[in-house]
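In: turn this into a structure:
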Amino acid sequence: MDHDEATRVIRTILGLQRRRATGVLEVTCESDRAQLLFAKGELVFVEHKSLGRTLGAYVIERGLLSREQYEELAAELRSLEALRPLLAFVELGVTRGFIEPEFAHGLVQGQVERNFVLMFGWPKLSVRFIAQKPRASEKARGPRFECQLEALVLQGIRRRFDAKSARQALQSRWGEFPMLVAPASEMVRTFRLRPSELTVLRQLDGKKSVAELFNQPGLERDSTGWALLALRLAGKLEWAAALGSDHPNPDSSPSNPIPEEMVARLKPGSVHLTLPTPPSMAEIEAASAFRRGAALYRKGQLQPARDLLQKATQRVNHPEYLLYGAWIDFEIAGRPDKVSSLQKLSDAARRALEHDATMAFAYFVVGHLHLKQGDLVNAELSFRRAAKLDPTDTEALEAGERLRTERHQRRD
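Out: Residues are numbered from 1 along each chain as shown. Prediction:
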């Protein structure tokens, strides 16, 4: 996918959000196909052909469902002929009491984020929007799991653009002076910004041009390009043609982002549920060792937990297993301030989040890394994100609440 095409796809997706559209955006690349489900402008789910195996293997390996429960839900979905069976699978699992609602949200959101970002790695895309009216039978089916579209768009931009290509996409605004249309704190939450991207936001006061921002010491060029491009496409910037101008120009939003010839009606039965391929024996043994090790860690038994996690990583080199192992090593060493120790842990957390952007434990670790750096704002955001994704993580919840209280006390 060239960068102009990537920008067009992002504008299309954000345009559907602004129009509060309901339907399916079908994105194809040769034999690959993704379907992005929108309900009144909210991105609800992303499906593509590999998702059936991924979701099924995940819920069974993690012990969220037994194989019998999975097959029971799959059989019921086949009889219902649901248009979006994988989303319906999770919703039905909640209504039947097989899956807890808080875990269901993280499960669905994780699948959406992984597949949305994966789509931006495809070399060439074609898109069409399939308009759809909600059916009465679907309205009462079960809970809905809306996803944060702006944050997903930023992840896609990070995957697709480097500083050079982002600069090219911003060329028409190169000499203009950008400023935020909303508080930076709101943008941090909306886009889930990294610290380097937040540093860029703090410079968007209408006093520096895009060219000056790209060349400003202390700002990473990749982060500058990612932040400016995401904010521009999402309509979160105003632009002054000259320094101090009293008449900034907002980015215009297309009223209809998709040509009419690309709009079609949805055909029932166009998506099919696939039962999972059983995991290998090595994957089963690794998952079992990981679950037991994680349980021992939560009980404070660090050395036995470490031994089990080493056993898990010897069988499967999984980013989550490696992150738990790195964190437990960090704990056993007394949470040192050594740069090498912090870098090792930071690398493990980064790889874990690249694998699964909704891994609660990774955000917990990132929160502690921010604390080590004295970045209390991002530490609080990371702990709160971890607690939202895993409501059973009382340590993350308490850490986030403590930092929030301290922030309010400093403000008062």
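In: all strands of this protein, in order?
Out: For the chain, the strands defined by DSSP state E occupy 23-29, 32-39, 42-48, 126-131, 177-180, 237-240, 249-250, 264-265.
In: switch those over to TSV; also include mean neighbour count and distance to residue 315.
Out: Yep, even glycine has a C-beta here, placed from its N, CA and C like the rest. Below are the strands of the chain laid out as TSV (neighbours: other Cβ atoms under 10 Å; distance: least, Cβ to Cβ, whole Å):
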stretch	mean neighbour count	distance to residue 315
strand 23-29	20	33
strand 32-39	20	30
strand 42-48	22	28
strand 126-131	17	40
strand 177-180	20	48
strand 237-240	20	48
strand 249-250	12	54
strand 264-265	11	46
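In: out of these, which comes closest to residue 151?
Out: The closest of the strands of the chain to residue 151 is strand 42-48. By Cβ to Cβ, the value is 10.5 Å.
In: right, and residue 167 touches residue 214 too?
Out: Yes - in this structure, residue 167 is within contact of residue 214 by Cβ atoms under 8 Å, at 6.2 Å.
In: can you pull out the helices in the stretch 251-400 of the chain?
Out: Ranges of helices in the stretch 251-400 of the chain, per DSSP state H, counting those that start in this stretch, are 281-298, 302-315, 319-332, 339-355, 360-373, 376-389, 394-411.
In: which outside residues touch the third one?
Out: By that I understand helix 319-332. With contacts defined as Cβ atoms under 8 Å, 6 or more residues apart in numbering, helix 319-332 is touched by 286, 290, 293-294, 297, 302-303, 305-306, 309-310, 312-313, 336, 341, 344-345, 348-349, 351-352, 354-356, 359, 361-362, 365.
In: and for the second one?
Out: For helix 302-315, contacts defined as Cβ under 8 Å, 6+ apart pick out 282-283, 285-287, 289-290, 292-294, 296-297, 318, 321-322, 324-325, 328-329, 331-332.
In: drop anything exposed from those.
Out: If you count burial by 16 or more other Cβ atoms under 10 Å, the buried members of these come out as 285-287, 289-290, 292-294, 296-297, 318, 321-322, 324-325, 328-329.
In: quick one, domains of this structure?
Out: 3-151, 163-250, 281-411 (automatic domain parsing).
In: would you reformat these as a markdown table and include mean pLDDT and distance to residue 157?
Out: Supplementary listing: those in a markdown table, determined by pLDDT from 0 to 100; distance: least, Cβ to Cβ, whole Å:
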| stretch | mean pLDDT | distance to residue 157 |
| --- | --- | --- |
| domain 3-151 | 68 | 7 |
| domain 163-250 | 84 | 5 |
| domain 281-411 | 89 | 14 |
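In: mind listing the shared neighbours of residue 167 and residue 214?
Out: Common contact partners of residue 167 and residue 214 (Cβ under 8 Å, 6+ apart): residue 225.
In: to residue 228, which of the strands of the chain lies closest?
Out: Nearest of the strands of the chain to residue 228, taken as Cβ to Cβ: strand 177-180 at 6.7 Å.
In: mind checking how far the closest one is from the chain centre?
Out: Its chain's C-alpha centre and that of strand 177-180 lie 26 Å apart, by Cα atoms, centre = their mean, to the nearest Å.
In: mind giving me the packing neighbours of it?
Out: helix 221-233, strand 237-240 (3 or more Cβ pairs under 8 Å, 6 or more residues apart in numbering; DSSP states H and E).
In: next one: the shortest one to chain centre, how far?
Out: When distances are taken as Cα atoms, centre = their mean, strand 237-240 is centred 27 Å away from the chain's centroid.
In: can you name every helix or strand that it contacts?
Out: Using 3+ Cβ pairs under 8 Å, 6+ apart, strand 237-240 is in contact with strand 177-180, strand 249-250.
In: how does it look with 6 Å?
Out: The contact analysis (3 or more Cβ pairs under 6 Å, 6 or more residues apart in numbering; DSSP states H and E) places strand 237-240 against strand 177-180.
In: and for residue 356, the neighbour number?
Out: By other Cβ atoms under 10 Å, the residues close to residue 356 number 18.
In: let's number from 684 now, not from 1
Out: Got it, first residue is 684 now, which makes that one residue 1039.
In: quick one, phi psi at it?
Out: Residue 1039 adopts backbone torsions of phi -150, psi 100, taken as degrees, to the nearest 10.
In: helices along the stretch 734-883 of the chain, start to end?
Out: Taking DSSP H, counting those that start in this stretch as the test, the helices found in the stretch 734-883 of the chain are 734-744, 750-763, 768-778, 784-802, 819-822, 832-843, 846-852, 867-874, 878-884.
In: coming back round to it: with distance to residue 891 added, can I get the strands of the chain in CSV?
Out: Formatted as CSV, the strands of the chain follow (distance: least, Cβ to Cβ, whole Å):
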stretch, distance to residue 891
strand 706-712, 36
strand 715-722, 35
strand 725-731, 33
strand 809-814, 35
strand 860-863, 7
strand 920-923, 11
strand 932-933, 17
strand 947-948, 45
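In: how about these, which one is nearest residue 778?
Out: Taking Cβ to Cβ, strand 725-731 is the member of these nearest to residue 778, at 16.4 Å.
In: and the strands of the chain: which comes nearest residue 1082?
Out: Proximity to residue 1082 (Cβ to Cβ) singles out strand 860-863 among the strands of the chain, at 28.5 Å.
In: hmm, back to that, of all the helices of the stretch 934-1083 of the chain, which lies closest to residue 716?
Out: Nearest to residue 716 among the helices of the stretch 934-1083 of the chain is helix 1022-1038; the distance by Cβ to Cβ comes to 22.9 Å.
In: just the buried positions in stretch 1086-1095, please.
Out: By neighbour count on 16+ other Cβ under 10 Å, the buried set for stretch 1086-1095 is residue 1086.
In: give me the contacts around that stretch.
Out: With Cβ atoms under 6 Å, 6 or more residues apart in numbering as the test, stretch 1086-1095 has contacts from 1059, 1063.
In: stretch 893-903 now?
Out: By Cβ under 6 Å, 6+ apart, the list of residues contacting stretch 893-903 reads 853, 856-857, 879, 883, 907.
In: hmm, try it at 10 Å
Out: 846, 849-850, 853-861, 877-880, 882-883, 885-887, 891-892, 904, 907-911, 915, 922 (Cβ atoms under 10 Å, 6 or more residues apart in numbering).
In: from residue 924, how far off is the closest residue in space to residue 858 that isn't next to it in sequence?
Out: Closest residue in space to residue 858, ignoring its immediate chain neighbours: residue 892 at 5.5 Å, by Cβ to Cβ, 6 or more residues apart in numbering. Separation of residue 892 from residue 924 (Cβ to Cβ, to the nearest Å) stands at 10 Å.
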